[in-house]
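Engineer: Any chance you can model this:
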Amino acid sequence: MRSRLTTRLLAAAALAAGLGLPGCGDEARYDQTICVLIDESGTYADQKHEVVRILKREVLPSMEPGDTLLVIRIDGESYEKDNVETLVTLDPRPSRANQQKFALAQKLDAFARRSKRSSHTDIPGAMMLGGEYLKELASGSQVMLIFSDMEEDLAPGTERTLSEDEFDGIFIVAMNVKRLGRDNADPKVYRNRLASWERRVLDAGSSGWKTFMDSSKLAAYLGEIRSG
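Structural biologist: So this is what the prediction gives:
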């Protein structure tokens, strides 16, 4: 009798434990997609070598097997698939992932050497294109890094309207925002420009907005986003 009762109690306990852990079969995703937007317009086109240096020093080393790097150019018509410079997901095998990182570094160097310069600056178009890729990739964490002076200058006839969920689940970071001549004359112009972008991306559903002048803080921030 005692044996049968013990067996029943153990069976009931096991069932209760199973019912009490409805999500135990679901695994959290720790892969990360980093979408990088690089301005090729105006005076910021001269910053490409510095941008690539930051990517090679702070971003590539922080990437883990399974992570994805997406690089998009900001020019006069940025909402074009042709503006995608590279889209690479690192192999799960660490040795192969390291080879891919080396190839990415070489590709970024080649990009920096190009002297292309656009006369207009379609920042929201590049952001919209990047947002669509990020939603499709659906990685565990998603971040968009924007290297630009954040001065929007759309070509005549170009319209850009961000939807309320345009950047859902995406952290957005403005990196090394270059100060323009009038910013030095009146710093309030620079600060107002960044504040305007912050309101704009948060209204479009972004998970957060940050600006970094010190690129050495970037790797730690990417790790913070990954861990949730």
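
Engineer: could you point out the longest helix in this structure?
Structural biologist: Longest helix of the chain, by residue count under DSSP state H: helix 94-113.

Engineer: Could you give the average pLDDT over it?
Structural biologist: Averaging pLDDT along helix 94-113 yields 96.

Engineer: Just after it, pick out the following helix or strand.
Structural biologist: Once the chain leaves helix 94-113, the next helix or strand it forms, by DSSP states H and E, is helix 123-137.

Engineer: Parallel or antiparallel, which strands does the next helix or strand after that next one pair with?
Structural biologist: Beyond helix 123-137 on the C-terminal side, the first helix or strand identified by DSSP H and E is strand 141-147. Strands that pair with strand 141-147, judged by DSSP bridges, come out as strand 32-39 (parallel), strand 170-175 (parallel).

Engineer: and those strands as TSV, adding mean pLDDT and distance to residue 111?
Structural biologist: (Glycine included, C-beta is placed from N, CA and C.) Compiled in TSV, these are given as follows (pLDDT from 0 to 100; distance: least, CB to CB, whole Å):
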stretch	mean pLDDT	distance to residue 111
strand 32-39	97	8
strand 170-175	97	16
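
Engineer: Can you get me a residue count around the closest residue to residue 137 other than its chain neighbours?
Structural biologist: Taking CB to CB, 6 or more residues apart in numbering, and ignoring the residues beside it in sequence, residue 137 has residue 33 as its nearest neighbour in space, at 5.0 Å. Counted with other CB atoms under 10 Å, residues neighbouring residue 33 total 23.

Engineer: try residue 163
Structural biologist: Burial of residue 163 is recorded as 12 neighbouring residues (other CB under 10 Å).

Engineer: Pull up the per-residue confidence for it.
Structural biologist: 96.

Engineer: what sits against residue 107?
Structural biologist: For residue 107, the residues meeting the contact criterion (CB atoms under 8 Å, 6 or more residues apart in numbering) are 85-86.

Engineer: Can you list the low-confidence ranges for the chain?
Structural biologist: In the predicted model of the chain, residues 1-27 satisfy pLDDT under 70.

Engineer: Provide a list of residues in contact with residue 43.
Structural biologist: Contacts for residue 43 were tallied using CB under 8 Å, 6+ apart; they are 149, 178, 180.

Engineer: re the thing from before, which one of the strands paired with strand 141-147 is the most hemmed in?
Structural biologist: By mean neighbour count, with neighbours taken as mean count of other CB atoms under 10 Å, strand 32-39 ranks first of those at a mean of 25.

Engineer: Give me the distance between that strand and the centre of its chain.
Structural biologist: Its chain's average C-alpha position is 5 Å from that of strand 32-39, according to CA atoms, centre = their mean, to the nearest Å.

Engineer: Just give me the neighbour total for residue 112.
Structural biologist: For residue 112, the tally of surrounding residues (other CB under 10 Å) stands at 17.

Engineer: Got phi/psi on residue 184?
Structural biologist: Residue 184 adopts backbone torsions of phi -70, psi -30, taken as degrees, to the nearest 10.

Engineer: now the strands paired with strand 141-147 in a markdown table, with distance to residue 154?
Structural biologist: Conversion of these to a markdown table gives the following (distance: least, CB to CB, whole Å):
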| stretch | distance to residue 154 |
| --- | --- |
| strand 32-39 | 14 |
| strand 170-175 | 18 |
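
Engineer: still on that earlier bit, relative to residue 46, which of the contacts of residue 43 is nearest.
Structural biologist: residue 178 (9.2 Å; CB to CB).

Engineer: sorry, back to before: wait, which of the strands paired with strand 141-147 is closest to residue 130?
Structural biologist: Evaluated with CB to CB, these place strand 32-39 nearest to residue 130, the distance being 4.2 Å.
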